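In: have a look; sequence and predicted model below, questions after that.
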Amino acid sequence: MACQTSKTNVITINPSPTATWTTFSTAQCSGTVNLSTYVTGTTGGTFSGTGVTSNTFNPNGLSAGSYNVTYTVGTGTCQATQTHAV
């Protein structure tokens, strides 16, 4: 009689994150903007770029012009980003 063994592994497949967000509709010259409120995709990511600290955009001290702001969500190979000029 042959010996048999078996093993069961549970594999969790998570949906791919979506790094979509909208930009503000008007020029922002002063004050701060909570960028997290503009996320339309997967929440819980981080924003980065000139004038961005802790998911907040603060244009104070910046020269007039456009600045790239990037939203990144997920980890490793399951990571997504989206950049907008603000």
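Out: Good, I have the coordinates. Numbers count the residues shown, from 1 in each chain.
In: what number of residues lie near T32?
Out: Per other Cβ atoms under 10 Å, the neighbour tally for T32 reads 13. Heads up, the C-betas are built off the backbone N, CA and C, glycines and all.
In: so who does it touch?
Out: 56-58 (Cβ atoms under 8 Å, 6 or more residues apart in numbering).
In: ok, Y71 next?
Out: With Cβ under 8 Å, 6+ apart, Y71 has these contacts: 19-21, 35, 39, 45-47, 81-83.
In: bridging residues for it?
Out: Beta-bridge partners recorded for Y71 (DSSP bridges): F47, Q82.
In: now do the same for it: its pLDDT.
Out: At Y71, the pLDDT value in this model is 96.
In: go on, Y67?
Out: 90.
In: for it, give its distance to V33.
Out: 12 Å (Cβ to Cβ, to the nearest Å).
In: those two: who's more crowded?
Out: A count of neighbours by other Cβ under 10 Å puts V33 above the other of Y67 and V33, at 19 against 15.
In: which residues does that one contact?
Out: So V33 contacts 24, 56-58 (Cβ under 8 Å, 6+ apart).
In: apply 6 Å and report the result again.
Out: By Cβ atoms under 6 Å, 6 or more residues apart in numbering, the contact set of V33 is F57.
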